[in-house]
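K.L.:
This is a predicted model, with the sequence first.
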Amino acid sequence: MIKNAILSVGLFCVLLVKGQEQFVIDENGLTPKHIVSQVEDFTKAELYSNTQKWIEANNEFHNISTASFVESERILLTYIKSNAVHLDKQYYNVKYDITLEFDDNSFTFMPSKIQLKLNSKYDMGWKNFSLTSGAQYFKKGKILRKYKRYLRDLAAKLNELNMQLNTYLKTE
(Lines give C-alpha, C1' and ligand atoms only; values in the text may rest on other atoms or scores of the structure.)
Protein backbone atom coordinates (compact mmCIF):
# COMPACT_ATOMS: atom_id res chain seq x y z
CA MET A 1 0.00 0.00 0.00
CA ILE A 2 2.78 2.44 0.90
CA LYS A 3 4.63 1.37 -2.25
CA ASN A 4 1.57 2.29 -4.34
CA ALA A 5 1.23 5.65 -2.60
CA ILE A 6 4.88 6.51 -3.20
CA LEU A 7 4.62 5.40 -6.81
CA SER A 8 1.44 7.45 -7.31
CA VAL A 9 3.02 10.58 -5.84
CA GLY A 10 6.14 10.05 -7.96
CA LEU A 11 4.14 9.65 -11.14
CA PHE A 12 2.01 12.65 -10.22
CA CYS A 13 5.17 14.79 -9.90
CA VAL A 14 6.59 13.47 -13.18
CA LEU A 15 3.35 14.23 -15.01
CA LEU A 16 3.22 17.74 -13.55
CA VAL A 17 6.81 18.41 -14.57
CA LYS A 18 6.09 17.20 -18.10
CA GLY A 19 3.27 19.75 -18.18
CA GLN A 20 0.31 17.50 -18.83
CA GLU A 21 -2.70 19.41 -19.95
CA GLN A 22 -5.19 20.32 -17.26
CA PHE A 23 -8.88 21.15 -17.52
CA VAL A 24 -9.82 24.74 -16.70
CA ILE A 25 -13.04 26.69 -17.02
CA ASP A 26 -12.64 29.99 -18.82
CA GLU A 27 -14.89 32.31 -20.80
CA ASN A 28 -15.23 29.67 -23.51
CA GLY A 29 -16.30 27.01 -21.02
CA LEU A 30 -14.28 23.89 -20.28
CA THR A 31 -10.91 23.83 -22.02
CA PRO A 32 -9.46 21.71 -23.40
CA LYS A 33 -12.50 19.74 -24.52
CA HIS A 34 -10.58 16.49 -24.05
CA ILE A 35 -7.16 15.24 -23.00
CA VAL A 36 -5.34 12.48 -24.83
CA SER A 37 -2.93 10.57 -22.59
CA GLN A 38 -0.17 8.38 -23.97
CA VAL A 39 0.27 4.97 -22.33
CA GLU A 40 3.09 3.19 -24.12
CA ASP A 41 3.08 -0.51 -24.99
CA PHE A 42 -0.64 -1.11 -24.43
CA THR A 43 -3.16 -2.20 -27.01
CA LYS A 44 -6.63 -0.73 -27.16
CA ALA A 45 -8.07 -3.91 -25.59
CA GLU A 46 -5.53 -3.86 -22.73
CA LEU A 47 -6.25 -0.20 -21.94
CA TYR A 48 -9.98 -0.92 -21.97
CA SER A 49 -9.57 -3.94 -19.69
CA ASN A 50 -7.30 -2.12 -17.24
CA THR A 51 -9.70 0.83 -17.14
CA GLN A 52 -12.56 -1.56 -16.27
CA LYS A 53 -10.41 -2.91 -13.41
CA TRP A 54 -9.72 0.64 -12.21
CA ILE A 55 -13.45 1.45 -12.27
CA GLU A 56 -14.27 -1.69 -10.27
CA ALA A 57 -11.54 -0.91 -7.73
CA ASN A 58 -12.62 2.73 -7.32
CA ASN A 59 -16.39 2.72 -7.82
CA GLU A 60 -17.26 2.88 -4.12
CA PHE A 61 -14.46 5.23 -3.07
CA HIS A 62 -15.13 7.70 -5.89
CA ASN A 63 -18.80 6.88 -6.60
CA ILE A 64 -18.01 5.96 -10.20
CA SER A 65 -20.38 3.95 -12.32
CA THR A 66 -20.34 2.80 -15.93
CA ALA A 67 -23.31 4.23 -17.77
CA SER A 68 -22.58 2.48 -21.08
CA PHE A 69 -19.73 1.01 -23.04
CA VAL A 70 -18.67 -0.28 -26.43
CA GLU A 71 -16.34 -3.26 -25.91
CA SER A 72 -12.68 -2.20 -26.27
CA GLU A 73 -13.69 1.16 -27.77
CA ARG A 74 -15.46 3.50 -25.35
CA ILE A 75 -16.74 3.76 -21.78
CA LEU A 76 -19.18 6.38 -20.50
CA LEU A 77 -18.56 7.00 -16.80
CA THR A 78 -20.69 8.82 -14.29
CA TYR A 79 -18.74 10.26 -11.36
CA ILE A 80 -20.66 11.85 -8.49
CA LYS A 81 -18.85 13.92 -5.89
CA SER A 82 -20.73 15.12 -2.80
CA ASN A 83 -20.09 18.68 -1.62
CA ALA A 84 -17.57 19.07 -4.45
CA VAL A 85 -17.93 22.82 -4.78
CA HIS A 86 -19.40 25.70 -2.87
CA LEU A 87 -20.63 29.10 -3.84
CA ASP A 88 -21.41 31.69 -1.22
CA LYS A 89 -22.48 29.49 1.70
CA GLN A 90 -24.11 26.76 -0.35
CA TYR A 91 -22.53 23.41 -1.16
CA TYR A 92 -23.21 21.51 -4.36
CA ASN A 93 -22.99 17.87 -5.33
CA VAL A 94 -21.51 17.47 -8.80
CA LYS A 95 -22.18 14.78 -11.38
CA TYR A 96 -19.63 14.39 -14.17
CA ASP A 97 -20.35 12.35 -17.31
CA ILE A 98 -17.05 11.38 -18.88
CA THR A 99 -16.40 9.52 -22.12
CA LEU A 100 -13.23 7.45 -22.31
CA GLU A 101 -12.13 6.43 -25.79
CA PHE A 102 -9.31 3.96 -26.36
CA ASP A 103 -6.70 3.59 -29.04
CA ASP A 104 -3.42 1.69 -29.13
CA ASN A 105 -0.98 3.38 -26.71
CA SER A 106 -3.44 6.16 -25.71
CA PHE A 107 -6.81 7.02 -24.27
CA THR A 108 -8.97 10.12 -24.52
CA PHE A 109 -10.60 11.58 -21.40
CA MET A 110 -13.55 13.71 -22.52
CA PRO A 111 -16.05 15.30 -20.12
CA SER A 112 -19.44 15.30 -21.84
CA LYS A 113 -21.69 16.78 -19.14
CA ILE A 114 -21.46 18.42 -15.72
CA GLN A 115 -24.50 18.77 -13.49
CA LEU A 116 -24.84 20.36 -10.07
CA LYS A 117 -27.38 19.83 -7.32
CA LEU A 118 -27.69 21.96 -4.22
CA ASN A 119 -26.97 19.91 -1.11
CA SER A 120 -30.20 20.54 0.73
CA LYS A 121 -32.89 18.63 2.55
CA TYR A 122 -35.11 19.58 -0.40
CA ASP A 123 -34.36 17.88 -3.69
CA MET A 124 -33.94 20.70 -6.19
CA GLY A 125 -32.85 18.37 -8.99
CA TRP A 126 -29.74 18.36 -11.13
CA LYS A 127 -28.95 21.53 -13.09
CA ASN A 128 -26.70 21.51 -16.16
CA PHE A 129 -23.43 23.42 -16.11
CA SER A 130 -22.47 24.77 -19.54
CA LEU A 131 -19.30 23.23 -20.92
CA THR A 132 -19.26 25.65 -23.85
CA SER A 133 -19.70 29.05 -22.20
CA GLY A 134 -18.33 30.51 -19.00
CA ALA A 135 -18.80 34.18 -19.88
CA GLN A 136 -21.22 34.76 -17.00
CA TYR A 137 -18.37 34.15 -14.54
CA PHE A 138 -16.06 36.70 -16.14
CA LYS A 139 -15.93 40.47 -16.57
CA LYS A 140 -13.50 42.17 -18.96
CA GLY A 141 -11.59 38.92 -19.39
CA LYS A 142 -11.04 38.36 -15.67
CA ILE A 143 -12.81 35.88 -13.47
CA LEU A 144 -15.17 37.40 -10.93
CA ARG A 145 -13.73 36.88 -7.46
CA LYS A 146 -16.93 35.23 -6.24
CA TYR A 147 -16.52 32.39 -8.78
CA LYS A 148 -12.76 31.84 -8.66
CA ARG A 149 -12.75 28.89 -6.25
CA TYR A 150 -16.04 27.53 -7.57
CA LEU A 151 -14.71 27.16 -11.12
CA ARG A 152 -11.30 25.94 -9.98
CA ASP A 153 -12.87 23.21 -7.83
CA LEU A 154 -15.20 22.08 -10.64
CA ALA A 155 -12.23 21.53 -12.95
CA ALA A 156 -9.99 20.13 -10.19
CA LYS A 157 -12.20 17.06 -9.71
CA LEU A 158 -11.90 16.24 -13.41
CA ASN A 159 -8.12 16.71 -13.32
CA GLU A 160 -7.85 14.55 -10.22
CA LEU A 161 -9.87 11.72 -11.75
CA ASN A 162 -7.94 11.88 -15.03
CA MET A 163 -4.62 11.86 -13.14
CA GLN A 164 -5.63 8.85 -11.03
CA LEU A 165 -6.71 6.86 -14.08
CA ASN A 166 -3.57 7.88 -15.96
CA THR A 167 -1.34 6.84 -13.04
CA TYR A 168 -3.13 3.52 -12.65
CA LEU A 169 -2.82 2.67 -16.35
CA LYS A 170 0.87 3.56 -16.42
CA THR A 171 1.66 1.38 -13.39
CA GLU A 172 -0.24 -1.70 -14.57
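P.N.:
On my side now, so go ahead. The shown structure was predicted, so the numbers you read here are calculated from the model rather than taken from an experiment. Numbers count the residues shown, from 1 in each chain.
K.L.:
Which stretches in the protein count as helices?
P.N.:
Here the chain has its helices, by DSSP state H, at 2-18, 44-62, 148-171.
K.L.:
which strands and helices sit next to the longest one?
P.N.:
Contact partners of helix 148-171 among helices and strands, from 3 or more C-beta pairs under 8 Å, 6 or more residues apart in numbering; DSSP states H and E: helix 2-18, strand 24-26, strand 35-38, helix 44-62, strand 74-87, strand 90-103, strand 106-118. Placement of C-beta: from N, CA and C, glycine included.
K.L.:
List of residues touching it?
P.N.:
Residues from elsewhere that reach helix 148-171 (C-beta atoms under 8 Å, 6 or more residues apart in numbering): 4, 7-8, 11-12, 15, 20, 22-25, 30, 35, 37, 39, 42, 47, 50-51, 54, 58, 62, 79, 81, 84-87, 94, 96, 98, 100, 107, 109, 111, 114, 129, 134, 137, 143.
K.L.:
Could you turn the buried ones of those residues into a ChimeraX selection?
P.N.:
Those of the contacts of helix 148-171 that count as buried under 16 or more other C-beta atoms under 10 Å are selected in ChimeraX with:
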select :11,12,15,20,23,24,25,30,35,37,39,42,47,50,51,54,58,62,79,81,84,85,94,96,98,100,107,109,111,114,129,134,137,143
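K.L.:
re the thing from before, so which of the helices of the chain is the most packed in?
P.N.:
Counting by mean count of other C-beta atoms under 10 Å, helix 148-171 has the highest mean neighbour count of these, with a mean of 18.
K.L.:
pLDDT on it, on average?
P.N.:
The average pLDDT for helix 148-171 rounds to 95.
K.L.:
Pipe the helices and strands packed on helix 148-171 into TSV and attach distance to Asn159 and mean pLDDT per row.
P.N.:
Formatted as TSV, these follow (distance: least, C-beta to C-beta, whole Å; pLDDT from 0 to 100):
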stretch	distance to Asn159	mean pLDDT
helix 2-18	11	45
strand 24-26	9	96
strand 35-38	9	96
helix 44-62	14	89
strand 74-87	12	93
strand 90-103	11	95
strand 106-118	10	96
